[in-house]
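Engineer: Return atomic coordinates for the entry below.
(one chain, ligands or ions: 1)
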Amino acid sequence: MSTIQAPVEPPKRRRIGVLTSGGDAPGMNGAVRAVVRMAIHSDCEAYAVFEGYEGLVHGGDMIRQIHWEDVRGWLSRGGTLIGSARSASFRERAGRLRAAKNMVLRGIDALVVCGGDGSLTGADVFRAEWPGLLKELVANGELTEAQVQPYQVLNIVGLVGSIDNDMSGTDATIGCYSSLTRICDAVDDVFDTAFSHQRGFVIEVMGRHCGWLALMAAISTGADWLFIPEIPPRDGWEDDMCSIITKNRKERGKRITIVIVAEGAQDRQLNKISSSTIKDILTERLGLDTRVTVLGHTQRGGAACAYDRWLSTLQGVEAVRAVLETTPDAPSPVITIRENKIMRTPLMEAVSLTKEVTSYIQAKDFDKAMTLRDAEFKEYHRAYLNTATPDHPKLFLPEKKRMRIAIIHVGAPAGGMNQATRAAVNYCLTRGHTPLAIHNGFPGLCRHHADKPVGSVREVKWLESDNWVNEGGSEIGTNRSLPSEDFETTAKCFELYKFDALFVVGGFEAFTAVSQLRKARVTYPAFRIPMVVLPATISNNVPGTEYSLGSDTCLNTLITFCDAIRQSASSSRRRVFVIETQGGKSGYIATTAGLAVGAVAVYIPEEGIDIQMLSRDIDFLRDNFARDKGANRAGKIILRNECASNTYSTQVIADMIKEEAKGRFESRAAVPGHFQQGGKPSPMDRVRALRMAIRCMQHIENYADKSPEEISVDELSAAVIGIKGSQVLFSPMGGPTGLEETETDWPRRRPKSEFWLELQGVVNMLSGRGTFKPEQ
Ligand code: ATP
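Structural biologist: Take a look at the predicted model:
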């Protein structure tokens with residue numbers, strides 16, 4: 001029972017509570033930090049409820065005001081620092097009655113709940129009962145009419161924190177990509193031993209009702225077979241699985257066999273399919289030396305990946321906005337994400353859809369269950385099947401629709417390039433197309449033509465590309481040179497190899513190359529073929545998309561670097577690191593990394609750097625260090641994009657800070673350089689590479705029976721695939737509304753309007769830099 005019994009006046013500032021509930025998930029701390037700081041920034045007070053609903057029921061010290069400084073450094077911490085629990089007492093009305101009393105006594109009438117569907121259901125029940133609970137508290141004399149009067153409405157906002165990604169209505173939940181990262185790291189590690197001994201591995205991952213983790217892991221690691229709860233295999237699956245694996249090993253020469261199984265995997269009669277059953281089948285029927293690896297709780301552990309830090313931060317900020325904007329009659333919202341857009345969805349709509357999926361599975365109506373799953377999930381599943389079982393004559397297109405599709409990488413290497421190529425190759429093989437890899441970009445193509453056949457254009461075989469599933473960089477070789485350096489030879493090569501389509505994976509150069517080829521169609525008929533750019537660059541500066549392959553890998557590498565370097569200052573306590581990021585003239589990477597590591601400031605070319613800015617930031621640092629409490633012993637980070645200023649270099653800024661700090665703190669410069677291009681691509685880059693590459697191939701297929709003339713006048717025949725807001729779209733390069741004219745800042749090699757610029761405001765708000773006023 002709460003110890004606070006005295007009547008309270010309504011507080012001067014609105015009080016917002018935040019709790020984490022259900023299974024913990026990486027990113028929950030980022031969400032709490034964002035809620036706390038956004039609440040304080042919005043002139044409210046923030047209260048943390050410890051141990052989930054247990055804390056709300058017990059009150060006392062388990063509900064505490066939480067201040068700006070208290071959440072410093074939380075972004076990089078795994079688990080949930082305010083604790084989580086499964087609370088039996090909150091399931092009872094009596095428990096919720098105590099919870100309501102505890103909230104009223106503290107003047108809290110808004111609650112941000114981060115948890116799974118159970119936690120969010122609990123929150124909704126609580127809100128629905130709230131008026132009745134208050135009446136009961138007055139009726140039984142625990143509170144007075146005057147005490148409850150200011151709190152007639154309880155505001156609830158949900159954040160989905162769950163590693164399973166099992167909530168309908170959102171593409172991703174806070175924690176799911178971190179968990180996927182743990183899984184992929186583990187499977188990547190198994191690769192080497194599996195290859196050495198030609199072994200089979202059955203890997204069991206979490207997911208009692210939802211196969212998202214298993215599906216994405218299967219895509220990211222090129223698994224031979226996948227078991228998920230919502231799509232049980234057809235009867236006789238044992239034969240199907242053995243036949244595919246035999247084909248992959250014997251006919252195609254694959255040395256590694258990976259089977260991914262979700263813990264809730266089952267057959268069509270709802271009998272569990274366990275990892276040990278699968279192992280026995282592979283061992284007994286195929287004589288395959290097979291091992292089982294059950295990943296268990298490692299999947300929950302560790303720091304949040306870049307995406308989860310970004311997602312939890314932006315969703316936490318949005319949750320507070322929703323609290324402040326919600327009206328008494330509006331249904332409680334849950335904060336969701338669709339592609340790249342943070343949105344609000346009625347909480348109970350999302351929860352009921354989620355529950356319906358489970359009920360349909362229980363009723364063995366698997367088709368219906370899948371229709372209720374998000375479109376993205378279904379697309380990924382189809383894409384996995386497309387690429388996992390190539391050479392499927394049933395899926396072959398008629399002869400006249402089969403195309404010779406050239407694949408080229410242009411620009412600097414980026415994570416996901418190989419995976420996009422692998423997906424394109426596999427898709428081609430599934431449909432009867434011929435995938436042709438151009439090695440080493442346009443110079444590679446032209447060199448071949450100069451009567452020196454060096455194998456620069458080659459048909460790619462399944463096994464070759466299959467091995468690229470988790471490799472970084474560019475296996476077919478990439479080059480920055482553009483076709484304009486030799487249009488003549490380029491066109492001859494297009495004719496020589498009878499290219500019917502061109503699939504270009506790369507950054508701004510790739511975009512420029514396709515623009516050049518499109519314009520040169522007037523002179524060179526060979527270029528009158530469909531051409532698609534799949535953006536892949538760590539700079540994320542390609543017009544027509546808000547996301548490029550490789551940018552997520554780069555961000556993850558950068559945050560690992562920043563976390564480590566920040567930690568190195570934990571003994572000295574008073575150190576600022578000025579870290580230089582790549583990104584050319586686009587500040588995307590610097591800003592997003594700034595958001596993910598909680599940078600004090602981010603310097604980008606779009607804003608530049610001036611002396612007033614530096615002077616103010618040094619004052620801000622002084623103030624910041626003065627407020628540091630003992631527990632926050634890590635260093636502070638400033639990120640500076642490599643092109644932010646010609647004068648104020650990274651070293652100069654670090655030196656200026658050191659000089660001006662006058663011994664109160666010190667400063668160091670650090671340049672991670674090419675380290676940022678990353679090693680193995682992040683799971684997000686891998687899975688998006690697959691999905692986008694397949695979309696590109698499908699787009700190209702639309703032109704199979706079109707004439708060169710028809711193709712030339714069709715604006716979408718030279719296009720960029722991209723994520724824009726909540727959609728994945730193809731945008732035309734040319735034409736009056738095309739990207740070349742309307743969206744490209746050619747001199748600065750970036751889009752004219754950059755969607756992420758507003759994130760600068762969020763970085764500054766969360767660091768306090770935005771509202772900092774130096775003393776006069
Ligand atoms: P996970 O995805 O990890 O399972 P979850 O939020 O679904 O997370 P649950 O154990 O279902 O986890 O719920 C967490 C807590 O939410 C429960 O312990 C309980 O306190 C509360 N809760 C769940 N369902 C209800 C409900 N119908 N009414 C009241 N409280 C509930």
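
Engineer: what sits against residue 338?
Structural biologist: 170-171, 726 (CB atoms under 8 Å, 6 or more residues apart in numbering). Where C-beta positions appear, they are placed from N, C-alpha and C, glycine not excepted.

Engineer: Could you dump those residues into TSV with pLDDT and secondary structure added?
Structural biologist: Converted to TSV, the contacts of residue 338 look like this (pLDDT from 0 to 100; DSSP: H, G, I helix; E, B strand; the rest coil):
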residue	pLDDT	secondary structure
170	92	coil
171	91	coil
726	87	coil
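
Engineer: Can you lay out those residues as JSON lines showing neighbour count?
Structural biologist: Below are the contacts of residue 338 laid out as JSON lines (neighbours: other CB atoms under 10 Å):
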{"residue": "170", "neighbour count": "25"}
{"residue": "171", "neighbour count": "20"}
{"residue": "726", "neighbour count": "14"}
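
Engineer: Mind telling me which residue is nearest the centre of the chain?
Structural biologist: residue 307 (4.2 Å; CA atoms, centre = their mean).

Engineer: Name the nearest residue to it, sequence neighbours excluded.
Structural biologist: residue 177 (4.5 Å; CB to CB, 6 or more residues apart in numbering).

Engineer: so what pLDDT did the one you found get?
Structural biologist: What the model reports for residue 177 is a pLDDT of 96.

Engineer: Name the helix or strand for it, please.
Structural biologist: Following DSSP states H and E, one finds residue 177 within helix 176-197.

Engineer: hey, C-alpha coordinates of stretch 352-366 in CSV?
Structural biologist: Coordinates of each C-alpha in stretch 352-366 appear next as CSV, following Å, rounded to 0.1, in the frame of the first residue of the first chain:
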residue,chain,number,x,y,z
SER,A,352,-7.0,-7.4,-31.5
LEU,A,353,-5.5,-8.0,-34.9
THR,A,354,-2.5,-9.6,-33.2
LYS,A,355,-4.7,-11.8,-31.1
GLU,A,356,-6.8,-12.8,-34.2
VAL,A,357,-3.6,-14.1,-35.9
THR,A,358,-3.0,-16.4,-32.9
SER,A,359,-6.6,-17.6,-32.9
TYR,A,360,-6.6,-18.4,-36.6
ILE,A,361,-3.4,-20.4,-36.1
GLN,A,362,-5.1,-22.3,-33.2
ALA,A,363,-8.1,-23.0,-35.5
LYS,A,364,-5.6,-24.2,-38.2
ASP,A,365,-6.8,-21.5,-40.6
PHE,A,366,-3.3,-20.6,-41.6
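
Engineer: Tell me the residues of the stretch 101-250 of the chain that contact the ligand?
Structural biologist: Residues of the stretch 101-250 of the chain lying close to the ligand (CB under 6 Å from any ligand atom) are 115-119, 121-122, 125, 162.

Engineer: Pull up the residues of the protein that are close to the ligand.
Structural biologist: 21-23, 53, 86-87, 90-91, 115-119, 121-122, 125, 162.

Engineer: Buried among those? Need that as a selection in PyMOL.
Structural biologist: With 16 or more other CB atoms under 10 Å as the criterion, this PyMOL line picks the buried residues out of these:
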select buried, resi 21+22+23+53+87+90+115+116+117+118+119+121+122+125+162
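
Engineer: picking that back up, let me know the closest of the residues of the stretch 101-250 of the chain next to the ligand to residue 470.
Structural biologist: residue 162 (25.4 Å; CB to CB).

Engineer: from memory that closest one sits against residue 175, does it?
Structural biologist: Yes. Counting by CB atoms under 8 Å, residue 175 is a contact partner of residue 162 at 6.1 Å.

Engineer: So for the two, which residues contact both of them?
Structural biologist: residue 25.

Engineer: in what helix or strand does the closest residue to the ligand within the chain lie?
Structural biologist: With CB to the nearest ligand atom, the shortest gap between the chain and the ligand falls at residue 118, namely 1.9 Å. Element membership of residue 118, judged by DSSP H and E, is helix 117-139.

Engineer: counting contacts, what elements does that helix pack onto?
Structural biologist: helix 52-58, helix 93-106, strand 108-115, helix 145-148, strand 155-160, helix 347-362 (3 or more CB pairs under 8 Å, 6 or more residues apart in numbering; DSSP states H and E).

Engineer: For the residue lying closest to residue 400 once chain neighbours are set aside, what are phi and psi?
Structural biologist: Ranked by CB to CB, 6+ apart and with sequence neighbours excluded, the top spatial neighbour of residue 400 is residue 705, at 6.6 Å. As for residue 705, its main-chain torsions (degrees, to the nearest 10) stand at phi -110, psi 30.

Engineer: Kindly provide the distance from residue 705 to residue 98.
Structural biologist: 70 Å (CB to CB, to the nearest Å).

Engineer: who's more crowded, those two?
Structural biologist: residue 98 (21 against 11; other CB atoms under 10 Å).

Engineer: Now for the spatially closest residue to residue 356 that is not a sequence neighbour: which residues touch it?
Structural biologist: Of all residues not flanking residue 356 in the chain, residue 372 sits nearest, at 5.5 Å (CB to CB, 6+ apart). Contacts for residue 372 (CB under 8 Å, 6+ apart) come out as 168, 353, 356-357, 360.

Engineer: out of those, who has the most neighbours?
Structural biologist: residue 357 (24 neighbours).

Engineer: what's the pLDDT at that one?
Structural biologist: Residue 357 carries a pLDDT value of 89.

Engineer: cool, and residue 374?
Structural biologist: 78.

Engineer: before we move on, what about the one 3 residues further on?
Structural biologist: According to the per-residue confidence, residue 377 scores 88 in pLDDT.

Engineer: cool, and residue 73?
Structural biologist: Per-residue pLDDT puts residue 73 at 88.
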